[in-house]
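Colleague: okay, sequence plus prediction incoming.
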Amino acid sequence: MHNLTECYVAAVDSSHRRKHGQFFTPPEVAAFMCRWVLRGKQEKLFDPAFGLGSFYFAASSLARGIKFAGMELDAEVLGYFWKHAPAIARPFVVHGDYLSHWGESHKAIVCNPPYMRFQHFENRSEISILFERNAGTKLSGYTNIASAFLLKSLSELDSGGRLAYIMPLEFLNTGYGAIVKGQLLRRGMLKALIKLESEKEVFPDAITSIGIILVSSDGIAEPVRFYTVQHMEMLTDHLLSGPAREINYTNLDPSDKWLKYFEHSQTSFKSSDLVPVSFYGGFSRGIATGANEFFVMSPSKAEKLGIPCGCLLNCITKSAQIKNPIFMNSDFRDMESADANVRLLNAGGKLSEAVSKYLQYGEKAGYHLRYLTKMRTPWYKVEHRSPAPLLFGVFSRERFKVVRNLSNAVNLTCYHCFYPNLFGQRFCDALFLYFQSRSARRILAENMRLYGDGLEKFEPNDLNRALAPSVEWFSRLSEHTVQNAITHCRANGSLPEAVELQFDSLM
């Protein structure tokens, strides 16, 4: 199986594999999953995303005479399998779209579904109609393909059947994931979740946290077990009899974030000193142009095109453009002097000849047909945003990137924007200091999404629901302390230790 996968990866362009969300299951992982599913004495195994037959080879070696069936949408990978795979006992594999094929049920399901973001779920509308009609489930618009596969398989699992899926675990901490978690808890079906800390060993090219989901439709309501596997050699049958964090399924809320249950020591911050961030205002994402290469330009390019200053916005277009946690107009002028891409086309009203000519070029190049641009009227009208006083990096590792924005620049989606309400305007400096603190890192961790290789992500609502100090607590910080800390942060990129210690009292 290793050779088949390696030969396919070498022969088939990576763009094709990305298009179909193909990450192939290592033999030892496939064997672990098949052993668990076949423990139910199943005679037939079904794989909704057959690929190169990882589970077929594993099941054939574990249970002689097992009947194997599958489905695969990508004709190229299926053709490669038929041409190059050694014949054990040819499986019955249908070339088709699993999400469009309804009306069957299965006693045993094992799957490594395609890994594609919801943006690439091209026929989502049609699939959603089928889900509602056949499974009585309404999909969220943010549901990715892997989660849709899992939901469909759960609806097709026979009484007494077993299911094992390996897939991204981001749904455990997302809004759309509530639907998936709700179905997993139905009749106590979810038995275990296994988070693979060694995801780079499993899928070297994946950028998201990977885990194994074990389900049994046995009607037995028992605690759900949460395991964490640091190394592949731990993924044996002994794992399931070893120590794990157990949560009674009645205590698991589908709307809650579940990644925290993989932690051995879970801290819940319920202090009266903490309130939701939304008490002070709200985070929203930055400007999404739909075609940065068209809308974003350098000062010299804008001048060469003859685009008037009134049709351009000062804009932070990349996270790396900001080096210091305190960002001022002088910092932006430095970027202008370096001729960085810090101009955002903001065409509106009566168009000059130069702007009209540039828009014509854009239409000839097809920019008006991009996913976002074709939704706008006119297509070149970018979203309105005011310069935000606080910016929060979307992705991070080990430390959040938080910026006190004192410039007149707006920003693209590389940062989330915090806009204070009338009450929160006086606390922008204090909130900035809090977000810089080590205490905030621990407190906000309950709301962040974890991906592979230590990558962390926040969506705006994750931040809005996160906790921050109350007004009463902030009042303990004198204005002198706050301003000195701001000055120290600009000079050193971090908080004074005395201020860190004050924030430590929140934990």
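Modeller: Structure received. Numbers count the residues shown, from 1 in each chain.

Colleague: may I have stretch 331-346 exported as PDB, CA atoms only?
Modeller: Taking Å, rounded to 0.1, in the frame of the first residue of the first chain, the C-alpha atoms of stretch 331-346 are listed here in PDB:
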ATOM      1  CA  ASP A 331       5.000  53.400  10.700                       C
ATOM      2  CA  PHE A 332       2.600  53.500   7.800                       C
ATOM      3  CA  ARG A 333       4.500  56.300   6.100                       C
ATOM      4  CA  ASP A 334       7.600  54.000   6.300                       C
ATOM      5  CA  MET A 335       5.800  51.400   4.300                       C
ATOM      6  CA  GLU A 336       4.700  54.000   1.800                       C
ATOM      7  CA  SER A 337       8.400  55.100   1.400                       C
ATOM      8  CA  ALA A 338       9.300  51.500   0.800                       C
ATOM      9  CA  ASP A 339       6.700  51.300  -1.900                       C
ATOM     10  CA  ALA A 340       4.900  48.400  -0.200                       C
ATOM     11  CA  ASN A 341       1.400  47.200  -1.400                       C
ATOM     12  CA  VAL A 342      -0.500  49.500   1.000                       C
ATOM     13  CA  ARG A 343      -3.100  51.100  -1.400                       C
ATOM     14  CA  LEU A 344      -6.600  49.600  -1.700                       C
ATOM     15  CA  LEU A 345      -8.700  50.600  -4.700                       C
ATOM     16  CA  ASN A 346     -12.000  52.100  -3.500                       C
END
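
Colleague: does the residue nearest to residue 436 when sequence neighbours are not counted belong to a helix, a strand or coil?
Modeller: Take residue 436 and drop its neighbours on the chain: the residue closest to it by C-beta to C-beta, 6 or more residues apart in numbering is residue 495, 5.3 Å away. Where you see a C-beta, it was placed from the backbone N, CA and C, and this is true even at glycine. Remark: residue 495 carries the secondary structure label coil [criterion: DSSP: H, G, I helix; E, B strand; the rest coil].

Colleague: give me the number of residues near residue 495?
Modeller: 21 (other C-beta atoms under 10 Å).

Colleague: repeat that for residue 402.
Modeller: Neighbour tally, residue 402, other C-beta under 10 Å: 22.

Colleague: do the one 5 residues further on as well
Modeller: Under the neighbour criterion other C-beta under 10 Å, residue 407 is assigned a count of 19.

Colleague: ok, the closest residue in space to residue 271 that isn't next to it in sequence - contacts?
Modeller: Excluding the flanking residues, the one nearest residue 271 by C-beta to C-beta, 6+ apart is residue 506, at 6.4 Å. Going by C-beta atoms under 8 Å, 6 or more residues apart in numbering, residue 506 touches 269, 271, 273-274, 439, 443, 469, 473.

Colleague: let's see that with 10 Å instead.
Modeller: 269, 271, 273-274, 434, 437, 439-440, 442-443, 467-470, 473 (C-beta atoms under 10 Å, 6 or more residues apart in numbering).

Colleague: I'd like to know how far the residue nearest to residue 436 sits from residue 434.
Modeller: 10 Å (C-beta to C-beta, to the nearest Å).

Colleague: got phi/psi on the residue positioned nearest the centre of the chain?
Modeller: For the chain, the residue sitting closest to the mean C-alpha position, by C-alpha atoms, centre = their mean, is residue 170 at 5.5 Å. Dihedral pair for residue 170: phi -60, psi -30, per degrees, to the nearest 10.

Colleague: is it in contact with residue 147, as I believe?
Modeller: Yes - using C-beta atoms under 10 Å, residue 170 is in contact with residue 147, at 9.0 Å.
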